[in-house]
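[1] quick one: sequence plus predicted model below, questions after.
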Amino acid sequence: MNRLARVQAVSGLCFAIFLVLHLATTMSAVGGPAAYDGALASFRAVYRAHPVVEFLLIGTSAAVHIVCAVMRILRRRRETPRPTAPIALRIHRWSGYFLMVVIVGHVFATRAMPALAGGPTATGRADFSYLAYSVLGWPLLINPYYYLLGLAGAVHFGLGLGFAAATLAPRHFGTRAARRASVATAVIAGMLVAAGVTAVIGRAGEADRSRFSEFQAIYDRFLPFMAPARSRAVETGKP
């Protein structure tokens, strides 16, 4: 197995530490806004314990993983003939492609915009109220996006564990049983995350709306083309 694949596997496992906490936060929405915000605060204490931890665990590992993915994609395109990948590997790749496309916008909306805006939102990024604001603002866009994002993350995580383990220790994890275990992990994680996203959407109306005007100001500043729908969410709590 080449060195690039091993580097990608290690970086993916490092990022998976954050990803499992992120997905668990989504799942906690089944318990309602308070449960979501409680899980979010607890998990943030882990991956935001120190700026260096967050930078290395999330930023560096994600960047390395994406760079390795792009390099391997380019290598595969030069292969002739191109081998047909197993369906599990193709699903893993498709979910990864989607995540690569949306990750910049996701980080910008949930991390960068609130931080640049300052104020109370800077310390309460992407809590349940923040998510509910987007759900109520433009449900036709946000609702399917949240499902796709959550499912892509869960599937890529579950299948990725198996592929990373098989890359780093093929004698132990390159077996059919190990591959089935990773598929089962992806399916279970996908179902739990889908339940969490459904809860976020279904219980958005229960969110605290006292900060909605603050959220609107952030979007007016950084994404003004979204302001009309956002204004309706602030005024009525409905799209």
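    Received the coordinates, thanks. Residues are numbered from 1 along each chain as shown.

[2] from now on I want contacts and neighbour counts done on CA atoms only, so please keep to that.
    Fine.

[3] count of residues packed around the closest residue to Val53 other than its chain neighbours?
    Among residues not flanking Val53 along the chain, Tyr47 sits closest, at 6.5 Å (C-alpha to C-alpha, 6 or more residues apart in numbering). Using other C-alpha atoms under 10 Å, Tyr47 is surrounded by 19 other residues.

[4] could you check the pLDDT of Ala154?
    Residue-level confidence at Ala154 comes out at 97, pLDDT.

[5] enumerate every residue touching it.
    Contact partners of Ala154, counting by C-alpha atoms under 8 Å, 6 or more residues apart in numbering, are 23, 186, 189-190, 193.

[6] how far is the host helix or strand of it from where the chain is centred?
    Following DSSP states H and E, one finds Ala154 within helix 139-168. Its chain's C-alpha centre and that of helix 139-168 lie 7 Å apart, by C-alpha atoms, centre = their mean, to the nearest Å.

[7] distance of the closest residue to Ile58 other than its chain neighbours from Gln8?
    Distances taken as C-alpha to C-alpha, 6+ apart place Phe15 nearest to Ile58, at 5.8 Å, with adjacent residues excluded. To Gln8, Phe15 is 10 Å away according to C-alpha to C-alpha, to the nearest Å.

[8] same deal with Met113?
    Distance from Met113 to Gln8, by C-alpha to C-alpha: 29 Å.

[9] can you check Cys68 too?
    Taken as C-alpha to C-alpha, the span from Cys68 to Gln8 is 6 Å.

[10] please, which helix or strand holds Gly38?
    helix 33-47.
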